[in-house]
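*Asks:* model the structure of this input:
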Amino acid sequence: MTIKTAIIPTEQTFAKVHADRQLHLEALCVFAAIGFFLDTDTYWKDEVVLKPAHTHRLDDDGYLLDSKPWFEWFYDPKPMTFDAAVDGYASLFEEVLKEQTHGQRVILPLSGGLDSRTQAAGLYRIGAEVSSYSYSFAQGYPESAIASAIAKVCEFDFEAFTINSGYLWRVIDDLAKLNGCYSEFTSPRQMAVIDQLGAKGDVFSLGHWGDVLFDSMGLPQLSDAELVDLLSKKLLKRGGLALASKLWTTWGLDGDFLSYFKGRLATLLDGIAIPDSNAKLRAFKSLYWAPRWTSVNHSVFASVQPITLPYYDERLCRFICTVPETYLNGRQLQIAYIQRYAPELASITWQDQRPFHLNNYHKNRFPYATPYRVANKVKRTFNSILGKPYVQRNWELQFLGASNQAHLSAHLFESGLEDWIPEALVRDYVADFYNQDALKNAHAINMLLVFAKFNQLNALTF
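*Replies:* Okay, here's the model as predicted:
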């Protein structure tokens, strides 16, 4: 059997390899540190995920025989003006949207950012029938207000949802099965309303990965060692290194976790034949981050309707490899596309630069932004005094409070997790999360919950 994987796969494809059926403890430490598995790693030593952009041969029993690349990321900037780059992007992007959505009612998630706004502009220009929606956290920033304004300009149907506290506990078993415990459970907030989304149309158009392809980190040229250090800092979650290091020691693995992790990164970076540091990091993220983290929760959307992802399209991946890096700084191409082809959308607040929009976001600095920041801080402080703290992250809604704590504890301590992660370690993290520093320990709690649900689903015995 032959399987050809996409440049950026929308889902993980698994294969067997000849090894003992044992937990891959080194891989689990990496997962605990960064929130996704690296390269082809899985929970098991005898199972791998097929590499992106490869042609794979498997035998009749599903064992991987060999893999050969059919595409490799490159950086070959073509001589072009910025206007020509915008024109090329507009033409290609709208062509992809037409092909992916032709004759279907499109379900479009809208946010306050750029990727979905660019999709809205493109879908409006090609005359697609669109049903859009957005969601905001209870007691959080009203992101749906921006999305509603975008939908109104484009004349799309629109519905706003509120993500409420504690929804996770009624859906966690389903979510664990959908994503296979290959991602933490609080990020895919679409799970809170997924039952209401499928009836909105025929196909999802998801904007994932536009923010990586169409942006530059603005880095100088870095040495290999500098690149590894930078990438390590980018990948490690707050508290992730500490958790991974504790697990590494608990399981008696050789050496130390950080040396192992940086060695893995160095090897993977060496396999990307791109001299430019910015383009090389973009390729790394597209090879190892998008398929193993971003794509994992596509399964939630796909459980109710088919999905399409314009930024995953091969043509856009190839196109971005030819665009001069200077044109990507600060999301210039997407901003220019919206300004040129959907100017009304450009004047709507850009959430990341609020209260400014695409035409004046350069003013998001002193002294222009000071009145908004002061007023916003006063509002948050006042609400906090009233017992309504500002919510920025989904885990705040799902983990904080007595009811959530009871649910979390039940899942953590009634799962058999203590057979491979000491109960004392888990209890220490729970205590530190609730009594010391929730932000510092939230990632660890997320990952321990994933391990607990994985243990339950697989009925592990030791």
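*Asks:* the strand ranked longest in the chain pairs with which strands?
*Replies:* Scanning the chain for the strand with the most residues, using DSSP state E, yields strand 129-137. Paired neighbours of strand 129-137 in the sheet (DSSP bridges): strand 105-109 (parallel), strand 157-163 (parallel).
*Asks:* just the C-alphas of the helix or strand that comes right after the last one, formatted as PDB.
*Replies:* It refers to strand 157-163. Using DSSP states H and E, the helix or strand that follows strand 157-163 in sequence is helix 168-179. Taking Å, rounded to 0.1, in the frame of the first residue of the first chain, the C-alpha atoms of helix 168-179 are listed here in PDB:
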ATOM      1  CA  LEU A 168     -15.200  20.700  29.300                       C
ATOM      2  CA  TRP A 169     -16.400  18.100  31.700                       C
ATOM      3  CA  ARG A 170     -19.500  17.200  29.600                       C
ATOM      4  CA  VAL A 171     -17.400  16.700  26.400                       C
ATOM      5  CA  ILE A 172     -14.000  15.600  27.600                       C
ATOM      6  CA  ASP A 173     -14.600  11.900  26.900                       C
ATOM      7  CA  ASP A 174     -15.700  12.600  23.300                       C
ATOM      8  CA  LEU A 175     -12.900  15.100  22.800                       C
ATOM      9  CA  ALA A 176     -10.300  12.600  24.000                       C
ATOM     10  CA  LYS A 177     -11.500  10.100  21.500                       C
ATOM     11  CA  LEU A 178     -11.600  12.600  18.700                       C
ATOM     12  CA  ASN A 179      -8.100  14.000  19.100                       C
END
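*Asks:* packing partners of helix 168-179?
*Replies:* Counting contacts by 3 or more CB pairs under 8 Å, 6 or more residues apart in numbering; DSSP states H and E, helix 168-179 packs against helix 298-302, helix 402-413, helix 438-458. For every residue, glycine as well, the C-beta is placed using N, CA and C.
*Asks:* residues in contact with the shortest one: which ones?
*Replies:* With CB atoms under 8 Å, 6 or more residues apart in numbering as the contact definition, helix 298-302 has outside contacts at 10-11, 175, 178-180, 188, 190-191, 194, 197, 204, 206, 208, 307, 309.
*Asks:* in helices, which of the residues you listed fall?
*Replies:* Of those, the ones assigned to helices by DSSP state H are Leu175, Leu178, Asn179, Ile194, Leu197.
*Asks:* of those residues, closest to Thr42?
*Replies:* Among the ones in helices among the contacts of helix 298-302, Asn179 lies closest to Thr42 (CB to CB), at 13.1 Å.
*Asks:* wait, that closest one sits on Gln190?
*Replies:* No. When contacts are counted by CB atoms under 8 Å, Asn179 is not listed as touching Gln190 (11.7 Å).
*Asks:* coming back round to it: out of the strands paired with strand 129-137, deepest packed?
*Replies:* Neighbour counts averaged per stretch over the strands paired with strand 129-137 are highest for strand 105-109, at a mean of 23; criterion: mean count of other CB atoms under 10 Å.
*Asks:* re earlier: for ChimeraX, write the select line for the buried members of the contacts of helix 298-302.
*Replies:* Restricted to buried positions by 16 or more other CB atoms under 10 Å, the ChimeraX selection for the contacts of helix 298-302 reads:
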select :10,175,178,179,188,190,191,194,197,204,206,208,307,309
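*Asks:* list the helices and strands the helix or strand hosting Asp211 packs on?
*Replies:* Element membership of Asp211, judged by DSSP H and E, is helix 210-213. Helix 210-213 is packed against helix 115-125, helix 314-320, with contacts defined by 3+ CB pairs under 8 Å, 6+ apart.
*Asks:* dump that helix to PDB, keeping only the CA atoms.
*Replies:* In PDB, the C-alpha atoms belonging to helix 210-213 read as follows (Å, rounded to 0.1, in the frame of the first residue of the first chain):
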ATOM      1  CA  GLY A 210      -2.000  31.800   7.700                       C
ATOM      2  CA  ASP A 211      -0.400  33.600  10.600                       C
ATOM      3  CA  VAL A 212       2.700  31.400  10.100                       C
ATOM      4  CA  LEU A 213       3.000  31.300   6.400                       C
END
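*Asks:* which other helices and strands does the following helix or strand past that helix contact?
*Replies:* Later in the chain than helix 210-213, the nearest helix or strand by DSSP H and E is helix 224-235. Under the contact criterion of 3+ CB pairs under 8 Å, 6+ apart, helix 224-235 touches helix 257-270, helix 277-284.
*Asks:* which residues are contacting the longest one?
*Replies:* What it means is helix 257-270. Residues from elsewhere that reach helix 257-270 (CB under 8 Å, 6+ apart): 26, 29-30, 33, 38-39, 224, 227-229, 231-232, 235, 241, 244-245, 247-248, 253, 280, 284, 287-288.
*Asks:* averaged pLDDT, that helix. What do you get?
*Replies:* Taken as a whole, helix 257-270 carries a mean pLDDT of 98.
*Asks:* which residues in the stretch 1-150 of the chain form strands?
*Replies:* Using DSSP state E, counting those that start in this stretch, the strands of the stretch 1-150 of the chain run over residues 2-4, 14-16, 47-49, 54-58, 64-69, 105-109, 129-137.
*Asks:* dump those strands to JSON lines, plus distance to Pro343 and mean pLDDT.
*Replies:* What follows is the strands of the stretch 1-150 of the chain, written out as JSON lines (distance: least, CB to CB, whole Å; pLDDT from 0 to 100):
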{"stretch": "strand 2-4", "distance to Pro343": "41", "mean pLDDT": "98"}
{"stretch": "strand 14-16", "distance to Pro343": "46", "mean pLDDT": "98"}
{"stretch": "strand 47-49", "distance to Pro343": "43", "mean pLDDT": "98"}
{"stretch": "strand 54-58", "distance to Pro343": "42", "mean pLDDT": "98"}
{"stretch": "strand 64-69", "distance to Pro343": "42", "mean pLDDT": "97"}
{"stretch": "strand 105-109", "distance to Pro343": "20", "mean pLDDT": "98"}
{"stretch": "strand 129-137", "distance to Pro343": "19", "mean pLDDT": "94"}
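*Asks:* what pLDDT does the spatially most central residue of the chain get?
*Replies:* Taking CA atoms, centre = their mean, the centroid of the chain lies closest to Thr294, which sits 3.8 Å from it. On the pLDDT scale, Thr294 is placed at 96.
*Asks:* and the closest residue to it other than its chain neighbours, how far from Thr370?
*Replies:* Excluding its sequence neighbours, the residue lying closest to Thr294 (CB to CB, 6 or more residues apart in numbering) is His208, at 5.2 Å. From His208 across to Thr370, the span is 34 Å (CB to CB, to the nearest Å).
*Asks:* mind listing what Ser67 touches?
*Replies:* By CB under 8 Å, 6+ apart, the contact list for Ser67 reads Leu50, Lys51, His54, Thr55, His56, Arg57.
*Asks:* coming back round to it: which one of the helices and strands packed on helix 224-235 lies nearest to Arg340?
*Replies:* With CB to CB, the closest approach to Arg340 among the helices and strands packed on helix 224-235 belongs to helix 277-284: 24.1 Å.
*Asks:* would you pull up how far that closest one lies from the middle of the chain?
*Replies:* Chain-centre distance of helix 277-284: 17 Å, with CA atoms, centre = their mean, to the nearest Å.
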